[in-house]
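Undergrad: got a predicted structure here, sequence first:
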Amino acid sequence: MKSKVNKGVIIAASCFAALLIAAGITLYINSIKSYELCSDAVMHGWENIVEYSMLSKELKSIISEEEFTNDTPEGRLEMYQKLNGLVLDERPTKKFHGSTHGFKSPCMDMIEVNGQTYSVDITIETMGRLTGIEILNFYCYLYECRG
C-alpha cells in the first residue's frame, strides 16, 4: 500500500514540475514575442501589429474597440487625443511592472485632419504573460505641426 502512495506522490510531483517548466517556457516565449512586437511596431507602425485584445483591462476601459480600429485620420486623432500624455505606470511597482520588466516601443505617426498636420510620439509598453502579450501602456504625445 505504501508503494502505491509513493508512486502517486512521485507522479503528482512530476506532473507539477512539468507544468511549472511548461509555464516557464511559455512565459519566456511570450516575452520574446513581446520584444519582437515592439521591434516590429517601430519598423512598420503599430496599426497592423497591435490588436485590441492585447490591451490591458485598464486601457480597454479608456479606449473602445471601435475607437481603436477606426483607421480614419479623424478617428486616429480622437484616439490619440484620449491617450495624449496618459501614462498608466505611475502606480507602485508592486502592482505594475510595465516600466521595469516590459518592453517599450517608441513609434511615430503623422496624420492630417482638416488641413492640420499632427505629429504623434507613441510609446507602447508590453509584457509577455502566460496567456500571450499584454499591452500595459499605450500613450502618446500629440503635436500640431506648423507649416
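TA: Looks like it arrived, so ask away. Numbers count the residues shown, from 1 in each chain.
Undergrad: what helices or strands is whichever strand or helix holds Val9 leaning on?
TA: Taking DSSP states H and E as the definition, one finds Val9 inside helix 2-44. With contacts defined as 3 or more Cβ pairs under 8 Å, 6 or more residues apart in numbering; DSSP states H and E, helix 2-44 has these neighbours: strand 103-113, strand 116-129, strand 132-144. In this view, the C-beta of every residue, glycine as well, is placed from N, C-alpha and C.
Undergrad: what's the angle between it and strand 103-113?
TA: Helix 2-44 runs at 40 degrees relative to strand 103-113, counting by axes from the mean of the first three to the mean of the last three Cα atoms, to 10 degrees.
Undergrad: now the element after helix 2-44, going C-ward?
TA: helix 57-62.
Undergrad: tell me which residues of that following helix come out buried.
TA: Using 16 or more other Cβ atoms under 10 Å as the test for burial, helix 57-62 gives Leu59.
Undergrad: chain center to it, what's the gap?
TA: 12 Å (Cα atoms, centre = their mean, to the nearest Å).
Undergrad: which other helices and strands contact it?
TA: strand 132-144.
Undergrad: taking helix 2-44 as reference, get the angle to the strand it packs on.
TA: Going by the same axes, to 10 degrees, strand 132-144 makes 20 degrees with helix 2-44.
Undergrad: show me what strand 132-144 is packed against.
TA: helix 2-44, helix 57-62, helix 73-83, strand 116-129.
Undergrad: okay, these, which one's buried deepest?
TA: strand 116-129 (a mean of 19; mean count of other Cβ atoms under 10 Å).
Undergrad: where in the protein is the helix or strand with the lowest mean pLDDT?
TA: strand 103-113 (a mean of 80; mean pLDDT, DSSP states H and E).
Undergrad: residues touching that one, excluding its own?
TA: Strand 103-113 has contacts (Cβ atoms under 8 Å, 6 or more residues apart in numbering) with 34-35, 37-39, 41-42, 45-46, 73-74, 76-77, 80, 117-127, 140, 145.
Undergrad: may I see the buried residues of stretch 130-140?
TA: 133-140.
Undergrad: would you format the helices and strands packed on strand 132-144 as JSON lines with distance to Val50 and mean pLDDT included?
TA: Putting the helices and strands packed on strand 132-144 into JSON lines (distance: least, Cβ to Cβ, whole Å; pLDDT from 0 to 100) gives the following:
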{"stretch": "helix 2-44", "distance to Val50": "7", "mean pLDDT": "86"}
{"stretch": "helix 57-62", "distance to Val50": "11", "mean pLDDT": "91"}
{"stretch": "helix 73-83", "distance to Val50": "12", "mean pLDDT": "91"}
{"stretch": "strand 116-129", "distance to Val50": "7", "mean pLDDT": "88"}
